[in-house]
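>>> Sequence and predicted structure below; questions after.
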Amino acid sequence: MSRTIYIATRGSALALAQSNMVLAQCRKNFPDRHFELKIIKTTGDKLQTINLTNPDQTVTKGLFTKELEVALLNREADFAVHSLKDLPTELPEGLYLSAVSEREDVRDVLIYRSVAASTEDKRGYKPRTQIKDFPSGATIASSSTRRQAQILAIRPDLKTVPIRGNVGTRMQKLHDKPELDATVLAFAGMKRLGYTITPEGVIQGRDVPPGLLASILPLDEMLPCVGQAALGFESRLHDAETDTICAALNHQPTLNCVTAERAFLRAMGGGCLSPVAAHAELIAGQLRIRAVSFRNEKVGRGELTGLPSQTVELGERIAHELESR
C-alpha cells in the first residue's frame, strides 16, 4: 500500500472549503493513492487583533503561511494549499510554487445594508450601489491597504477602517455595527463558501444576516490583489512524487498570469499587504497586465501587453515604470 500524502491547510472555513476541493481532485486524479488534510493553525489565525494595514513587513510577512511551510520543510506534509494572494513572493529555501489552480472570478464585492434594513442609527442603500454612490463621510470597512487606497482614490471624502474575521463574521459585523456603511470581500471566496449574488444584489447562502445587498465592483475601479482568486500549491524542491501530483492540479494559463503579477509585486519590493494591485489576463494569445501603486504617497497606474512567455519581464517592467513616475 502506498504512503499517505498529506495536504497542509489552514483551518478557516474558506481554507477548508478550498482544500477539500483540492482533496477531492487529488482523489479523482490518483484513485490508487491515499490523501489526507493536515490542518495547521497559523500566526494570522491566532492573532485576530493584529492590524493588517501595518506597514512593517517584518510583522505581517508570512502571517498565513509560515507554519504550513515549516510542516513542509519538516516533512510533516507533502504540499500546502494557499490562497495565492497570501503567499509571499520570496519563499523559504527548499520550497517553491509548484502549481496553481484555475482562477475563480477575480473581482471584489461591495456589501452594504439595504434601504429596507435602515433604522434611526443605520443607513441603508438601494440595489446596485457603487462606491461613488455613498454619502460623504460614509465608512467602508476593509483591512486591505490595496482596497482602502482604491476606495479613497474614487471617493477621498469617504472613511475606511480595518475589519478582521471570516466572510460570515464580516457580514455580521456590518449588520450589527451602525458606524459601518459597507465592507468589501473577494467574490471568489464568497463563491467557494457557497454564497451567490442574484441580479438584484441579494446575497444567498448559509447564515447571511438579513437586509444585506451586494454589488460586484468593476476592475477599472478596483484591481485585485496579486494572485487573487487562485489557489497556490507550495511543495519541496526535487520531490518527484509531489511534483507529479501538483502537475495534475496545475492550470497553465492561470500560472502565466499570476507569474506576471508576482513578478510585479516582487519588483515593487512589497508583500501581499502592500497598497499595490495587479491583474494579468490572456487575451487573443497575448498577456495583458494592469497595475496600480499607492506607495510613498504617489499614485501610479500602468498597462502592458506581451507574449505569455514574457510573464516575468512584463511584471518587472510595469513595476519599474510605476516606480519611476
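On my side now, so go ahead.

>>> Tally up the residues packed near the residue lying closest to residue 39 once chain neighbours are set aside, please.
Leaving aside its sequence neighbours, residue 39 sits nearest to residue 11 (CB to CB, 6 or more residues apart in numbering; 4.5 Å). Backbone N, C-alpha and C define where each C-beta goes, glycine included. For residue 11, the count of nearby residues is 13 (other CB atoms under 10 Å).

>>> do residue 245 as well
23.

>>> picking that back up, from residue 241, how far off is the residue nearest to residue 39?
26 Å (CB to CB, to the nearest Å).

>>> Then residue 225?
Residue 225 is 32 Å from residue 241, by CB to CB.

>>> And the two? Which one has more around it.
A count of neighbours by other CB under 10 Å puts residue 225 above the other of residue 225 and residue 241, at 25 against 13.

>>> Let's verify the closest residue in space to the more buried one that isn't next to it in sequence: helix, strand, or coil?
Leaving out its chain neighbours, the residue that sits closest to residue 225 by CB to CB, 6+ apart is residue 85, at 4.4 Å. Following DSSP: H, G, I helix; E, B strand; the rest coil, residue 85 is assigned to helix.

>>> Go ahead and confirm residue 85 touches residue 261.
No: at 9.6 Å, residue 85 does not count as touching residue 261 under the criterion of CB atoms under 8 Å.

>>> so who does residue 187 touch?
104, 105, 106, 107, 108, 109, 197, 216, 229 (CB atoms under 8 Å, 6 or more residues apart in numbering).

>>> same question, residue 263
311, 312, 313, 314, 315, 316, 319.

>>> next one: residue 312
Residues 259, 260, 263 are the ones in contact with residue 312 under the rule CB under 8 Å, 6+ apart.

>>> Look up phi and psi at residue 139.
phi -110, psi 120 (degrees, to the nearest 10).

>>> now the spatially most central residue of the chain, what's its secondary structure?
The C-alpha lying nearest the average C-alpha coordinate of the chain belongs to residue 228 (CA atoms, centre = their mean; 3.8 Å). Counting by three-state DSSP, the backbone at residue 228 sits in coil.

>>> Need the pLDDT of it.
Predicted confidence (pLDDT) for residue 228: 97.
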